[in-house]
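**Q** kindly generate the corresponding structure for this input.
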Amino acid sequence: MTINEKEGTLIISLDGRIDTNNAAQTEKEIFDAIESSGTDKVQFDAAKLEYISSAGLRVLLKVQKTRKEPIPICNVSRDVFDIFETTGFTELLDVRKAMREISIDGCEQIASGGQGKIYRIDDETIIKVFCNGGIIPLDYVQEELNNAKAAFVAGVPTAISFDTVKCGEYYGIVYEMIDSKTLSKAVADEPDKIEAFAEKYAAFIKDFQSIHFPEGKLKQSRDIYNQKIEALRPWITEDELAVMHEIADSIPITDTLIHGDPHSGNIMIKDDELMFIDMTEVCYGPKLLDNGAIFRDLVSAPQTTPEACEKSMGLPAPLAAKLGNLFFMKYYGITDPAKLGDYLKTAGLACAFNIGANIGAYAVTNEMAKQKLPGVVERIIRGVIIPNKDTLKYLISQQ
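**A** Coordinates of the predicted model:
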């Protein structure tokens, strides 16, 4: 057994066998290490653990009883994981299987997004690699996997997800290979059918936003936004931070879904049906937050950052903008393009709040977001969000 401390966490590496012959000594060494470390965070690394008996499990149970949260036990082999699962310890501890290593050398990139890139592994599977702007934490990646599994089980149209893997220095998630193309690619291949695609897109989003999801399976968008807003604390005043939280607190508690990032590059077409391939930000929330994200990617971005839009959406900026405008016309049932402006203003305010509330959290791992943050604070938070606080609170509160 070896003991290390990393970023305030005591990491205890278990090895070999833990059974009646050495359980007592192992227990003493673990508690001595915890007592002398001075940290409250403990994590076990089981990469070299070959076997653990009931005596060893009881040692871990004693340690768990001193903690408020489940202790992570990482890099558990499949055989050892079976022991934890059979005995019910996966319900008591945060037991995590050792991750597979997958190489994307020579693999075709088929899509990209704000957090990563998607590659075709073989005829049956794809991998989403979380590699944009730095290493994305494992907890964030695991949350997408959990969301995707919960959504699929509940009947939400999404790809089947398998497991979390390592891809070089980055983490990834393996999904089924859907014999299809993204909505963006479909529009780019057949631009003459863009109106039909927009109508299908709008109907798909409205249906998704009307799904009533089992309580407690996902996070409330109010809590997510409040957490992300805290990352702005070093960049804005206390009064400005209070306004941001006030707006977030107006988000209603609900059991209906929003996707969080429902742009056309995150949607696949299979047998003329649409389904999501990215469930990182899916949560409970009001539909306007989703519409603000669509405005961001398919109305605002084509005008302000056309090259980045084309790279992330897989669509030339003019075509992306046309899809965005048609989406909102179909979504709101507008037949006269001249009347679209008022609806876009509403979605535009939601877009501003989305960008302002998220930029601080993105800047933690993304260097480009960190560089843009001061400008976003001036132009969007101080220039748009705060002056329109009351309007935003009203609009967001409407479910």
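**Q** can you check which strand is longest in the protein?
**A** The single longest strand within the chain, with elements called by DSSP state E, is strand 41-52.
**Q** name the helices or strands packed onto it?
**A** strand 9-18, helix 54-64, strand 72-76, helix 78-86 (3 or more C-beta pairs under 8 Å, 6 or more residues apart in numbering; DSSP states H and E). Every residue, glycine included, has its C-beta placed from N, CA and C.
**Q** dump the ones you listed to a markdown table, plus mean neighbour count and mean pLDDT.
**A** What follows is the helices and strands packed on strand 41-52, written out as a markdown table (neighbours: other C-beta atoms under 10 Å; pLDDT from 0 to 100):
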| stretch | mean neighbour count | mean pLDDT |
| --- | --- | --- |
| strand 9-18 | 18 | 93 |
| helix 54-64 | 17 | 94 |
| strand 72-76 | 21 | 92 |
| helix 78-86 | 15 | 92 |
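**Q** could I get these as JSON lines with distance to Cys167?
**A** Shown next, in JSON lines, are the helices and strands packed on strand 41-52 (distance: least, C-beta to C-beta, whole Å):
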{"stretch": "strand 9-18", "distance to Cys167": "23"}
{"stretch": "helix 54-64", "distance to Cys167": "30"}
{"stretch": "strand 72-76", "distance to Cys167": "16"}
{"stretch": "helix 78-86", "distance to Cys167": "20"}
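**Q** re the thing from before, so what's the gap between the longest strand of the chain and the chain middle?
**A** If you compare the mean C-alpha spot of strand 41-52 with that of the full chain, they lie 27 Å apart, counting by C-alpha atoms, centre = their mean, to the nearest Å.
**Q** output the lowest mean pLDDT helix or strand found in this protein.
**A** Across the helices and strands of the chain, mean confidence by mean pLDDT, DSSP states H and E is lowest for strand 108-112: a mean of 79.
**Q** which elements pack onto that strand?
**A** On the basis of 3+ C-beta pairs under 8 Å, 6+ apart, strand 108-112 makes packing contacts with strand 117-120.
**Q** tell me which strands the strand it packs on pairs with, and in which orientation.
**A** The sheet places strand 117-120 alongside strand 108-112 (antiparallel), strand 125-129 (antiparallel), with pairing taken from DSSP bridges.
**Q** the helices and strands packed on strand 41-52: which one's closest to Val299?
**A** Put simply, out of the helices and strands packed on strand 41-52 the one that sits nearest Val299 is strand 72-76, at 41.8 Å, with distance taken as C-beta to C-beta.
**Q** which residue packs closest to the spatially most central residue of the chain, ignoring adjacent ones?
**A** Within the chain, the residue whose C-alpha comes closest to the C-alpha centroid is Thr280; the distance, by C-alpha atoms, centre = their mean, is 2.4 Å. Across the structure, with C-beta to C-beta, 6 or more residues apart in numbering as the measure, the residue nearest Thr280 apart from its sequence neighbours is Glu144 (4.1 Å).
**Q** what's the answer for Ile118, then?
**A** Distances taken as C-beta to C-beta, 6+ apart put Ala111 closest to Ile118, at 4.2 Å, once the chain neighbours are dropped.
**Q** and that neighbour, how far from Ile12?
**A** As judged by C-beta to C-beta, to the nearest Å, Ala111 and Ile12 stand 40 Å apart.
**Q** quick one: the longest strand of the chain to strand 9-18, angle?
**A** Between the axes of strand 41-52 and strand 9-18, defined by axes from the mean of the first three to the mean of the last three C-alpha atoms, to 10 degrees, the angle is 10 degrees.
**Q** can you list the strands that strand 41-52 pairs with?
**A** Using DSSP bridges, the neighbouring strands of strand 41-52 in the sheet come out as strand 9-18 (parallel), strand 72-76 (parallel).
**Q** same list (these) but as CSV, adding distance to Leu373.
**A** Putting these into CSV (distance: least, C-beta to C-beta, whole Å) gives the following:
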stretch, distance to Leu373
strand 9-18, 28
strand 72-76, 31
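**Q** show me the shaky parts of the stretch 251-399 of the chain.
**A** Residue ranges of the stretch 251-399 of the chain with pLDDT under 70: 399.
**Q** in it, which spans are helices?
**A** Counting by DSSP state H, counting those that start in this stretch, residue ranges of the helices within the stretch 251-399 of the chain are 287-295, 301-304, 306-313, 317-332, 340-365, 367-376, 389-397.
**Q** right, I'll call it a day here.
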